[in-house]
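K.L.:
Output the structure for:
(one chain, ligands or ions: 2)
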Amino acid sequence: MKVAFVASEGVPFSKTGGLADVVGSLPKALAALGHEVEVILPRYRSTPKGSSVPHAQSLTLPLGLGYKFAAVQDAGRAHQVQTYLIDCPEYFDRDGLYQQKGEDYPDNAHRFAAFSLAALELLKHGATPPDIIHCHDWQTALVPVYLRNLYQEDRYFGKTSVLFTVHNLGYQGLFLPHLLPQISLHAGLFTVEALEYYGMVNLLKGGIIFSDFITTVSRKYAEEIQTAEFGYGLEGVLHSRASHLQGIVNGVDYEAWDPATDKLLAANYTPVNLKGKEACKQDLLEKMGARTPLLHRPVIGIVSRFASQKGFDLIATIAEQLAALDLYVVALGTGEPAHEELFRTMAAKYPDKFLVKIAYDNALAHQIEAGSDMFLMPSRYEPCGLNQIYSLKYGSVPVVRATGGLDDTIEPFDGKSGTGFKFQEYSPQALLATIHAALEAYATPKTWQRLVQNGMKKDFSWTTSAKVYSRIYETLLKAKA
Ligand code: ADP
Ligand code: GLC
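P.N.:
Ligands and ions are numbered 1, 2, ... in the order given. This is a model prediction of the structure:
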């Protein structure tokens, strides 16, 4: 099948979070199954320039009453996957992907409307239409909306189906109603059956309604988002589409995330020879400025977007109690000022306990996975979560809240089997009790080693999940035929 991924970020071209990891790795796994896969991404300021594409040097995008123009760059072919970059400097040649200084760009709707139109126009320049367009999150939710409205009569896409993957329901793309004509959509779409949502235009809702099939990134999250607690007001819409909604857990790319081969580490290691992990711990503590690294102390790692979703209010409540324990907290992240402040304050107050870097730093993210003994993800909700899966591979034992993908991927340790520690209730007490349970296991080296090895032996490569996507594509193809 011919499959086109349309997404707002993808490794190695752009990244703010796990979406980029998925867009950088799932296409490879699909190509390995024999599909012809291309990926279409925006070209941001930070994205390396590609070469020009003769057949798509200038795309004309009918945006509102006027036109915008975009060029296309060929970013090359790797692992049988072809990547194209939409080059529209007016919208994408900026420092951030979605935000500047913590504020969303005011023209985000126009930016991603233009991108979605450009992706469709680029596909129209192809030799044959795609069988499947696979879109991701609100930024590309307009692709199915355009396809079933603006392009409804376009016979080129007559047999094309759209699969829409929701990576995070917490970001919906909400805009004022007067947006619609500005992005070439008729006002008739402002109804509760289409894009209207409590008086606003909701792009994610459009994606859910106008796509042929919807997936999300873990089995549990697919259930959770059909409830009021996790549905962010879209639970009804999602429930109405339940027969076309499936949770498929993310895989990971072990070419990039494997301590046996990871070039960003001070030393490499495997489940049978863990010596290198000790060297990574020493290296991490030195890098983070620990005055005299105490290797007997457990290191609790955190690598995260600093967003409320991730449970930082729980960490804030127990921060003083953590500081009183014989351990290190090593944290890397950026995001909401209050969470940045929490870690800055703790690091200033307890410089030999809290080692903190407020930044986006890919190499350090790998080094924390390797140098930590435990990895903390007390998320309020977590569609899938990739860091806990990386942690398993790096022998950094996950301590997680049992929600979404965290619940699906971490099995509680019972002294013999299991891979981590989880708690149900979203409370600081439950988090602290679970950290204590982990520390208790850590105190017995033999038990701990077993737990570490259990996790390292788990296989979350894409093979299984890519096959599930492939089967859905086939069902969609048959339905169109
Ligand atoms: P989310 O997509 O919600 O942010 P995931 O766990 O799915 O959560 O993915 C997060 C990805 O982003 C991981 O690859 C993680 O290493 C990376 N990441 C998050 N914050 C940082 C940071 N400050 N520096 C480097 N990488 C980061
Ligand atoms: C989102 C979610 C995260 C998920 C990632 C990739 O950013 O917050 O849980 O792992 O997308 O699907």
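K.L.:
Pretty sure S470 sits in a helix.
P.N.:
Yes: S470: assigned to a helix according to DSSP: H, G, I helix; E, B strand; the rest coil.
K.L.:
List the contacts of it.
P.N.:
Contacts of S470 were listed using CB atoms under 8 Å, 6 or more residues apart in numbering, and they are L30, L33, H35. (Glycine included, C-beta is placed from N, CA and C.)
K.L.:
In this structure the last one contacts M1, no?
P.N.:
Yes: under the criterion of CB atoms under 8 Å, H35 lies in contact with M1, with a separation of 5.1 Å.
K.L.:
Give the intersection of the neighbour lists for the two.
P.N.:
Contact criterion CB under 8 Å, 6+ apart; residues bridging H35 and M1 by contacting each: Y473.
K.L.:
what's the distance between the residue of the stretch 1-150 of the chain found nearest ligand 2 and G333?
P.N.:
Distances from the stretch 1-150 of the chain to ligand 2, computed as CB to the nearest ligand atom, single out G18 as the nearest residue at 2.9 Å. From G18 over to G333 the distance is 14 Å, taken as CB to CB, to the nearest Å.
K.L.:
which of the contacts of S470 count as buried?
P.N.:
For the contacts of S470, a neighbour count by 16 or more other CB atoms under 10 Å gives the buried set as L30, H35.
K.L.:
which one among the contacts of S470 gets closest to N108?
P.N.:
The nearest member of the contacts of S470 to N108, counting by CB to CB, is L30 at 28.6 Å.
K.L.:
Surely that closest one is within a helix?
P.N.:
Yes: when classified by three-state DSSP, L30 is found to be part of a helix.
K.L.:
ok, A402 - contacts?
P.N.:
The neighbourhood of A402, defined by CB under 8 Å, 6+ apart, consists of I410, K422, F423, Q424.
K.L.:
Out of the residues you listed, who's the most crowded?
P.N.:
Neighbour counts for those were taken using other CB atoms under 10 Å; the highest belongs to I410, which has 27 neighbours.
K.L.:
okay, now the closest residue in space to that one that isn't next to it in sequence: neighbour count?
P.N.:
Counting by CB to CB, 6 or more residues apart in numbering, G420 is the residue found nearest to I410 once chain neighbours are left out, at 4.2 Å. By the measure other CB under 10 Å, the count of residues near G420 is 26.
K.L.:
and the chain, which residues reach ligand 2?
P.N.:
For the chain, the residues found near ligand 2 under the criterion CB under 6 Å from any ligand atom are 17-19, 22, 167-168, 217, 250, 382-386, 405.
K.L.:
Also within reach of ligand 1: list those from these.
P.N.:
Checked against ligand 1 using CB under 6 Å from any ligand atom, the residues of the chain next to ligand 2 yield the following neighbours: G17, G18, L19, C384, G385, L386.
K.L.:
Those residues: which two are farthest apart?
P.N.:
Comparing all pairs in those by CB to CB, the longest separation belongs to L19 and G385, at 12.2 Å.
K.L.:
Of the two, which one has the most company?
P.N.:
Shown here are L19 and G385; by other CB under 10 Å, G385 has more neighbours (30 against 26).
K.L.:
returning to what we had before: how about the residues of the chain next to ligand 2 in TSV, adding pLDDT and secondary structure?
P.N.:
What follows is those, written out as TSV (pLDDT from 0 to 100; DSSP: H, G, I helix; E, B strand; the rest coil):
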residue	pLDDT	secondary structure
G17	95	coil
G18	97	helix
L19	98	helix
V22	98	helix
H167	98	coil
N168	98	coil
V217	98	coil
N250	98	coil
E382	98	coil
P383	98	coil
C384	98	coil
G385	98	coil
L386	98	coil
G405	98	helix
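K.L.:
Quick check on those residues: which are buried?
P.N.:
Among those, those buried by neighbour count (16+ other CB under 10 Å) are 17-19, 22, 167-168, 217, 250, 382-386, 405.
K.L.:
so who does Q152 touch?
P.N.:
With contacts taken as CB under 8 Å, 6+ apart, Q152 has no neighbouring residues.
K.L.:
which residue does the stretch 201-350 of the chain bring closest to ligand 2?
P.N.:
Here the stretch 201-350 of the chain gets closest to ligand 2 at one residue, V217, 4.0 Å apart by CB to the nearest ligand atom.
K.L.:
ditto for the stretch 101-250 of the chain
P.N.:
Using CB to the nearest ligand atom, the single residue of the stretch 101-250 of the chain nearest to ligand 2 is H167, 3.3 Å away.
K.L.:
Help me confirm that that residue comes into contact with T216.
P.N.:
Yes: under the criterion of CB under 8 Å, H167 lies in contact with T216, with a separation of 7.5 Å.
K.L.:
quick one: common contacting residues for those two?
P.N.:
In the contact map built from CB under 8 Å, 6+ apart, the residues linked to both H167 and T216 are P383.
K.L.:
Mind jotting down where the helices sit in the stretch 151-300 of the chain?
P.N.:
With DSSP state H, counting those that start in this stretch applied, the stretch 151-300 of the chain shows helices at 179-182, 203-210, 219-224, 228-231, 235-240, 275-287, listed in chain order.
K.L.:
May I see the buried residues of the fifth one?
P.N.:
Of all the residues in helix 235-240, those buried under the rule 16+ other CB under 10 Å are E235, V237, L238.
K.L.:
Looking at stretch 180-189 now, give me its mean pLDDT.
P.N.:
Averaged over stretch 180-189, pLDDT sits at 96.
K.L.:
can you give me the strands for the stretch 101-250 of the chain?
P.N.:
Assignment of strands within the stretch 101-250 of the chain using DSSP state E, counting those that start in this stretch yields the ranges 103-104, 132-136, 161-166, 174-175, 196-197, 200-202, 213-216, 245-247.
K.L.:
With the stretch 351-481 of the chain instead?
P.N.:
With DSSP E, counting those that start in this stretch as the criterion, the stretch 351-481 of the chain has strands at 354-358, 374-377, 397-401, 421-423.
K.L.:
Adjacent strands (with direction) for the first one?
P.N.:
Strand 354-358 has these partner strands in its sheet, going by DSSP bridges: strand 328-335 (parallel).
K.L.:
next helix or strand past the strand it pairs with?
P.N.:
Next along the chain after strand 328-335, taking DSSP states H and E as the criterion, comes helix 337-349.
K.L.:
residues in contact with that next one?
P.N.:
102, 306-308, 312, 315-316, 319, 323, 329, 331, 333-334, 353-356, 358.
K.L.:
hmm, which of the residues you listed are the buried ones?
P.N.:
The neighbour-count test (16+ other CB under 10 Å) marks 306-307, 312, 315-316, 319, 329, 331, 333-334, 353-356, 358 as buried among the contacts of helix 337-349.
K.L.:
Determine which two of these are furthest apart.
P.N.:
Across the buried ones among the contacts of helix 337-349 (CB to CB), the longest gap, 24.0 Å, separates A307 and K353.
K.L.:
Can I take it that V39 is in a strand?
P.N.:
Yes: the assignment for V39 is a strand, going by three-state DSSP.
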